[in-house]
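sequence first, then the predicted structure, then my questions.
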Amino acid sequence: MIAAATDTSAVTNEWAMAEVIKHPHVLKKIQEELDTVVGSNRMVVESDLTHLNYLRCIVREIFRMHPAGPFLIPHESIEATTINGYYIPKKTRVFINTYALGRNTKIWDNVGEFRPERHLSADGSRVEISHGADFKILPFSAGKRKCPGAPLGVTLVLMALARLFHCFDWSPPVGLKAEDIDTSEVYGMTMPKAKPLIAVAKPRLAARLYQ
Ligand code: HEM
């Protein structure tokens, strides 16, 4: 429970910070959204999260490009079955490649491009993140063994990112250009950045709000 909850959320947050700082126009856009929804006289609270549609797009885009669990958790079939014409014998070890799902060129265009806007719905409705039946991305898997902590995980990630982007301006360390931020990954049970993100934070709200 502790490993499934902490590592996944931390990895997702670090990827989101890295991609947003690497794309300053995205940082500007999310800060505009935060300033409109929250303003500059208080901190973000949980009830704001439902109104931060662009931030929700950022998190969905991070799950598409950098899923915390690139192969979910291996499962074994208890009975033989046929799915979409594929025969799967009893006791087959099944790996679901969510990394490939998020980069499937039949579903997504310019798969290597970080573009949160691609998730905005045409009618402006709320962008869903942990919807189990949406097989375009599967950050929490689906079905009976789906992540039971998905709603909490989404809230934790949204809340941390909302506060970090609302409270601070972010830039790469002196001498490093934003576009040169390294986004190579390491494969493991989760898929963290190969090199930890180093960034400079500058407060953007009134000093009393940080006390
Ligand atoms: C961004 C955050 C999170 C992500 C991306 C994530 C993702 C996942 C994934 C992909 C699985 C494997 C599903 C499968 O078996 O195919 C899983 C399982 C699990 N997660 Fe999460 N998770 C997150 C947060 C959390 C939180 C906050 C908790 C608990 C408070 C949690 C508890 C669990 C548990 C207990 C399992 C094992 C379920 C089982 O085997 O039946 N997760 N998670």
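Perfect, thanks for sending it.

for the residue in the chain that the ligand sits nearest to, which non-adjacent residue is closest in space?
For the chain, the residue closest to the ligand is residue 149, as judged by C-beta to the nearest ligand atom, at 2.1 Å. To be clear about C-beta, it is placed using only N, CA and C from the backbone, and glycine gets the same treatment. Nearest-residue entry for residue 149: residue 5, 5.5 Å, with adjacent residues in sequence omitted and distances by C-beta to C-beta, 6 or more residues apart in numbering.

residue 196 now?
residue 14 (7.5 Å).

any idea which element that neighbour lies in?
If you go by DSSP states H and E, residue 14 is part of helix 2-22.

pLDDT of that helix, averaged?
Averaged over helix 2-22, pLDDT sits at 95.

same thing with stretch 29-45?
Rounded mean pLDDT across stretch 29-45 is 98.

and the contacts of that stretch?
20, 48, 51-55, 58, 159, 162-163, 165-167, 169, 204-206, 209 (C-beta atoms under 8 Å, 6 or more residues apart in numbering).

just the ones of these in helices?
Counting by DSSP state H, the contacts of stretch 29-45 place 20, 53, 54, 55, 58, 159, 162, 163, 165, 166, 167 in helices.

out of those residues, which end up buried?
The neighbour count (16 or more other C-beta atoms under 10 Å) marks 20, 53, 54, 55, 58, 162, 165, 166, 167 as buried among the ones in helices among the contacts of stretch 29-45.

returning to that earlier point: might one say that the residue nearest to residue 149 is in contact with residue 153?
Yes: Residue 5 is within contact range of residue 153, at 7.0 Å (criterion: C-beta atoms under 8 Å).
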